[in-house]
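>>> Could you look at this predicted model? Sequence included:
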Amino acid sequence: MPNKNKKKEVFPFHPLLLGIYPVLALYVFNRNETVLPALQKALITSIVVTAIVIAVFYLIFRSWRKAAAPASLTLLLFFTYGHVTDLTQDTRFFGQLIGRTRTLLPIWILLFIVGLILLLRFRKPVIDDALNTIALFLMIFLAIQVAIPFIQAGRAGINSRQATASAQSEVKSTSVNRDVYYILVDAYSRQDLLKEQLNLDTSSFISELKSLGFYIPDCAQSNYDNTLQSMTATLNMNYLDALGLNYYDDKAKYEPYLQDNPVLKQFKELGYSTATFKSLYPPIDFPNETYYYDYYEDASFLNQQASLNFQYLFLKTTLVRPLMDYIERNPEITVSPGVAAWLAVGNPKDGRNHRQYLQNQFALDSLEKIPDLPGKKFVYAHLFITHQPYVFNPDGSFNPYLQQGSKGYEKQIPYADTRLLEIIYTILAKSNPAPIIILQSDHSLFPNADRVKNLSAYYLPDGGDKQLYPTITPVNTFRLIFNKYFGGQYSLLPDVSTYADENHVLHHPPSTCEGVQ
């Protein structure tokens, strides 16, 4: 007679959830630098790995219930290996660095063997019940984290549109149709900082700009120390608190303020065509403008830079990491194009860094051709020629083996200076009437108070430079331009800079000009 009190066993679905959780969790942690469509390649990888692991254990045990717990153990070890490597890379145990492959990989194999023995010896339904509960809780918690920023973004969008609408009435068309170039060189540091930190002399570049008529603020500083915050303030001509934003708000809350920013909106209202460039960061990517420059515009999203970057980041957190590290340490190794594309490493001419090199060169070449376009134009050229991955030799050739960090960064500056001057010469020669050119960076390379010491140079014809001053910050850039050239009535704001230290405490360093010439 059947036992009516026997508890019905719950189907063990935990391996399925644990298979996709790592990708979504990585997205949540990095959502300020990526977009949901960029997860596609990593999700496919995760699903394939999960399917293979489940299939292997199912073939061994010929039972889903028996295979589920060992499959989850394997997936847990596979998807956490890279995270543990990062956490233990400087940790020593009996003199040995734990984070090295030769130390950590044997530990991982031992954990797998011991964990498998324990699961087989003490196999009970309660294990599957517990794993189901844990996996379901993690996914629900993750879904809430994904959803909340988008809900906040919807509310922020209403506020940003209202703020933009009120700002648009403050400017008017003029009879002088000047092109306006806002050239943003990501992470380019101020002249004195480059000299101090890297012994890199850019005085000839600065002198050449001055000889062309550029005004260089002696105490140039950005308003914030990160791209998202810095560009929000610049393109909205206001500080974050005045916009209702917090420094640590999620990207999704910032995005409406950037996508509906009053600078772009007002130039459109003034009858300007707008030109933008493919960005590494989704919130400051404006693909729907009159002209949009993306070298890989026709590529499928699986093969676009955002997908490759996220795939690389994801695989670095998994047990594939030792293979990726080995290929990166030995660039002479040739791997098949398919493997290189999936791992996002190897084959320099087809790899992730070479794609960024081609995009950077395409952006520079396209910017130089913009004066030939008809009509009046507002150009927002956010360039990543001094931003990781560092891919330029000083002569502009591609270097697939270039060291990253400050050593790689300093090799980008000479080429950036050369090309920027060439482009500016072309713009000035082909523009009539004289254009407005703002050459700035969103922040510098270096940390803490140095992080806000940015490049800043203004070419404001017909006396516009008379209104500039040594401590002007980007939040006032377009306030001043709209006032001088388009009849605006903006008050200039106090110039304040903000950076976050390693403890996430915000500071407001004063403007400093030591060593600036």
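Cool, the structure landed. Numbers count the residues shown, from 1 in each chain.

>>> residue ranges with poor pLDDT in this structure?
1-10, 93-99, 123, 149-170, 175, 298-301, 331, 346-351, 514-517 (pLDDT under 70).

>>> make it 50
Filtered on pLDDT under 50, the chain yields the residue ranges 1, 5-6, 164-169, 515, 517.

>>> Could you chop it up by domain?
Using automatic domain parsing, the domain ranges for the chain come out as 14-144, 175-296+361-507.

>>> These: which one's closest to residue 322?
Set against residue 322 and scored by C-beta to C-beta, the domains of the chain come closest in domain 14-144, at 4.5 Å. (Glycine included, C-beta is placed from N, CA and C.)

>>> Just the endpoints, please. Distance across that closest one?
Chord length of domain 14-144, first to last residue, is 19 Å (C-alpha to C-alpha, to the nearest Å).

>>> Return the distance of it from the chain's centre.
Remark: domain 14-144 is offset 27 Å from the chain centroid, using C-alpha atoms, centre = their mean, to the nearest Å.

>>> does residue 183 sit in a helix, a strand or a coil?
Residue 183 falls in the strand class when you classify it by DSSP: H, G, I helix; E, B strand; the rest coil.

>>> So what sits opposite it in the bridge?
Residues in a beta bridge with residue 183, per DSSP bridges, are residue 381, residue 439.

>>> Tell me if I'm right that it and residue 437 touch.
Yes. Between residue 183 and residue 437 there is a contact at 6.9 Å, judged by C-beta atoms under 8 Å.

>>> More neighbours: those two, which one.
Per other C-beta atoms under 10 Å, whichever of residue 183 and residue 437 has more neighbours is residue 437, with 26 against 21.

>>> Can you report phi and psi for the more buried one?
Backbone torsions for residue 437, taken as degrees, to the nearest 10, come to phi -130, psi 130.

>>> Pull up the gap between it and residue 89, please.
Using C-beta to C-beta, to the nearest Å, residue 437 is found at 44 Å from residue 89.

>>> same check, this time on residue 12
In this view, residue 12 and residue 89 are 35 Å apart by C-beta to C-beta.

>>> which of the two has more neighbours?
Taking neighbours as other C-beta under 10 Å, residue 12 and residue 89 compare with residue 12 leading, 22 against 12.

>>> check contacts around the more buried one.
Going by C-beta atoms under 8 Å, 6 or more residues apart in numbering, residue 12 touches 64, 65, 68, 69, 128, 131, 132.

>>> if you set the cut-off to 10 Å instead, what comes out?
Going by C-beta atoms under 10 Å, 6 or more residues apart in numbering, residue 12 touches 64-69, 71-72, 125, 127-129, 131-132, 135.

>>> can you give me the strands for the stretch 401-517 of the chain?
Residue ranges of the strands in the stretch 401-517 of the chain, as given by DSSP state E, counting those that start in this stretch, are 436-440, 456-459, 499-500, 506-507.

>>> could I get these as a markdown table with distance to residue 317?
Converted to a markdown table, the strands of the stretch 401-517 of the chain look like this (distance: least, C-beta to C-beta, whole Å):
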| stretch | distance to residue 317 |
| --- | --- |
| strand 436-440 | 35 |
| strand 456-459 | 38 |
| strand 499-500 | 25 |
| strand 506-507 | 30 |
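
>>> Out of the ones you listed, flag the one nearest residue 115.
Nearest to residue 115 among the strands of the stretch 401-517 of the chain is strand 499-500; the distance by C-beta to C-beta comes to 39.9 Å.

>>> Quick one: distance of the closest one to the chain centre.
Relative to its chain's centre, strand 499-500 lies at 18 Å (C-alpha atoms, centre = their mean).

>>> what does it contact?
Under C-beta under 10 Å, 6+ apart, the answer for strand 499-500 is 221-222, 224-226, 229, 247-248, 443, 447-452, 505-509.

>>> which of those are buried?
When the contacts of strand 499-500 are checked for burial by 16 or more other C-beta atoms under 10 Å, the buried set is 221-222, 224-226, 229, 247, 443, 449-452, 509.

>>> could I get these as CSV with distance to residue 413?
Output for the buried ones among the contacts of strand 499-500, formatted as CSV (distance: C-beta to C-beta, whole Å):
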residue, distance to residue 413
221, 19
222, 18
224, 22
225, 20
226, 21
229, 24
247, 29
443, 15
449, 21
450, 16
451, 17
452, 19
509, 23
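
>>> And what about the closest residue to residue 200 other than its chain neighbours, helix, strand or coil?
Nearest non-adjacent residue to residue 200, counting by C-beta to C-beta, 6 or more residues apart in numbering: residue 194, 4.3 Å away. Following three-state DSSP, residue 194 is assigned to helix.

>>> Against residue 302, how distant is residue 194?
38 Å.

>>> Check residue 66 too.
Counting by C-beta to C-beta, the gap between residue 66 and residue 302 amounts to 36 Å.

>>> Comparing the two, which shows the higher neighbour count?
Ranked by neighbour count (other C-beta under 10 Å), residue 66 and residue 302 place residue 66 first, with 17 against 14.

>>> helix or strand for the more buried one, which one?
Counting by DSSP states H and E, the element that carries residue 66 is helix 64-88.

>>> Show me what the one helix or strand residue 356 maps to is packed against.
Assigned by DSSP H and E, residue 356 belongs to helix 352-369. Applying 3 or more C-beta pairs under 10 Å, 6 or more residues apart in numbering; DSSP states H and E, one finds that helix 352-369 makes contact with strand 273-277, strand 291-293, helix 305-315, helix 337-343, strand 377-383, helix 406-430.

>>> Select, out of the ones you listed, the one closest to residue 171.
It's strand 377-383; of the helices and strands packed on helix 352-369, that one is closest to residue 171 (C-beta to C-beta) at 12.0 Å.
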